[in-house]
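Participant: what follows is a predicted protein model with its sequence.
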Amino acid sequence: MTRSMEELLETAEKIRTMEIRGAALIARAAASALKEFALSIEAASLEEFNGEVRRGAEILLDTRPTAVSLSNAIRTVMRYRGDDLEAARSSLAKNADSFVERSLMAVERIGEIGSRRILDGDVILTHCNSSVALAIIKTAFDAGKDIRVIATESRPRYQGHLTIKALDGWGIDTELVVDSAVRSVINEVDHVIVGADVITANGSLVNKIGTAAIALAAHEARTSFVVAAETYKFSPETIMGELVPIEERSPEEVYPGISKLAHVRVRNPAFDVTPHRYIDVICTEIGAIPPEMSYLVIKEMLGWEL
Ligand SMILES: O=C(COP(=O)(O)O)[C@H](O)[C@H](O)COP(=O)(O)O
């Protein structure tokens, strides 16, 4: 196996085991890994290069089934052109660099757009660990707004611990609650702000397991529910009627040693679906949009040809 293939497999393994996690980071890591792989492929012809790149792309695509950011990133990188091997190689590298650059710019822009909804004295509840939701919170805080954040643990992987560490580092007043405490604190909350793994054609949100129950509690309490999502989190496949596959992870994440119990099974879906009618707004880099506009975002931004 070549060194470059080893490195690509290493990145794929880090995504699979969640050492690299969160939809935005997964997408940027995959784009960069494919670029590094392409730069070091030793091929005798353009055809051989194309075949190798496709093989690398498939390995990366096979890591986390739900995150559409991954397939959108790979699709963008794979739109390379070139009449000869070197032209193709440099076109692919350019696509990867521009995807990463646009992704980082999108997060910054969403931070600005979303933070305008946050007022002095607001309490924000967030779930899991979304870099884009956190960009909104941090931008509001940096603008001098006096805010408090309630973060959920996000069992079974406790991504909430990453969230509170980031908030603590920025000096933001934060409380950690168990996932089941959301109903108890929701009346103190002004905005729920979460990230997205996928936005479907009908504007529904696929995000960390537990998000849908939080949305339900927010809906009942008339609390605003905001989603932070770059346009590459929107799923072109859903326009074609496809359902979003929900990743089921190892039972051991929920109950180590479960296999010793003969009559108990653990179910561990990593994501759930929040219906669009519970979402007030989706903050994207092209503006704060109603979920009902998702179809247009997919058609116009992602260049999906029916
Ligand atoms: O559900 C998760 C992470 O799940 P996991 O930990 O299983 O990857 C995050 O809310 C989204 O990926 C958005 O994150 P971001 O805004 O950083 O893209």
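Facilitator: Structure received. Residues are numbered from 1 along each chain as shown.
Participant: residues from the stretch 201-306 of the chain in reach of the ligand?
Facilitator: The stretch 201-306 of the chain comes close to the ligand at residues 207, 208, 270, as judged by C-beta under 6 Å from any ligand atom. C-beta coordinates here come from the backbone N, C-alpha and C atoms, glycine included.
Participant: which residues sit in contact with the second one?
Facilitator: Listed by C-beta atoms under 8 Å, 6 or more residues apart in numbering, the contact set of residue 208 reads 127, 128, 154, 159, 194, 197, 270, 271, 272.
Participant: same question for residue 301.
Facilitator: 231, 234, 286.
Participant: quick one: the helices in the stretch 151-300 of the chain?
Facilitator: Using DSSP state H, counting those that start in this stretch, the helices found in the stretch 151-300 of the chain span residues 159-170, 182-185, 211-220, 236-239, 294-301.
Participant: save those helices as TSV, and put in distance to residue 79 and mean pLDDT too.
Facilitator: Below are the helices of the stretch 151-300 of the chain laid out as TSV (distance: least, C-beta to C-beta, whole Å; pLDDT from 0 to 100):
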stretch	distance to residue 79	mean pLDDT
helix 159-170	32	98
helix 182-185	41	98
helix 211-220	31	98
helix 236-239	13	94
helix 294-301	14	91
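Participant: and of those helices, who's closest to residue 71?
Facilitator: Smallest distance to residue 71 across the helices of the stretch 151-300 of the chain (C-beta to C-beta): 7.8 Å, for helix 236-239.
Participant: what's the closest one packed up against?
Facilitator: Applying 3 or more C-beta pairs under 8 Å, 6 or more residues apart in numbering; DSSP states H and E, we find helix 236-239 packed against helix 68-77, helix 294-301.
Participant: does the longest one come close to the ligand?
Facilitator: No: using C-beta under 6 Å from any ligand atom as the criterion, no contacts between helix 68-77 and the ligand are found, and the smallest distance is 6.6 Å.
Participant: quick check: which ranges of the stretch 151-300 of the chain have low pLDDT?
Facilitator: Applying pLDDT under 70 to the stretch 151-300 of the chain flags no residue at all.
Participant: how about the residue in it that the ligand sits nearest to, nearest residue that isn't a chain neighbour?
Facilitator: For the stretch 151-300 of the chain and the ligand, the shortest gap (C-beta to the nearest ligand atom) falls at residue 195, measuring 2.9 Å. Excluding its sequence neighbours, the residue lying closest to residue 195 (C-beta to C-beta, 6 or more residues apart in numbering) is residue 130, at 2.5 Å.
Participant: and that neighbour, how many neighbours?
Facilitator: Using other C-beta atoms under 10 Å, residue 130 is surrounded by 26 other residues.
Participant: what pLDDT is listed against it?
Facilitator: The score at residue 130 is 98. That number is its pLDDT.
Participant: and the gap between it and residue 42?
Facilitator: Residue 130 sits 39 Å away from residue 42, taking C-beta to C-beta, to the nearest Å as the criterion.
Participant: and residue 10, which of the helices of the stretch 151-300 of the chain is closest to it?
Facilitator: Between the helices of the stretch 151-300 of the chain, helix 159-170 lies closest to residue 10; by C-beta to C-beta that is 21.6 Å.
Participant: which strands or helices does that closest one pack on?
Facilitator: The criterion is 3+ C-beta pairs under 8 Å, 6+ apart, and the helices and strands that helix 159-170 contacts are helix 131-142, strand 148-152, strand 173-177.
Participant: and the helices and strands packed on helix 236-239, which is most packed in?
Facilitator: Most buried of the helices and strands packed on helix 236-239 by mean neighbour count (mean count of other C-beta atoms under 10 Å) is helix 68-77; its value is a mean of 24.
Participant: so which of the residues of the stretch 201-306 of the chain next to the ligand sit within strands?
Facilitator: Among these, the residues falling in strands (DSSP state E) are 207, 208.
Participant: tell me the one of the residues of the stretch 201-306 of the chain next to the ligand nearest residue 223?
Facilitator: Nearest to residue 223 among these is residue 207, at 16.6 Å by C-beta to C-beta.
Participant: didn't that closest one look like it was pressed against residue 127?
Facilitator: Yes: at 7.5 Å, residue 207 counts as touching residue 127 under the criterion of C-beta atoms under 8 Å.
Participant: what residues does the stretch 1-150 of the chain put near the ligand?
Facilitator: Applying C-beta under 6 Å from any ligand atom, we find that the stretch 1-150 of the chain lies next to the ligand at 18, 21, 22, 23, 24, 25, 128, 130, 131, 132, 133.
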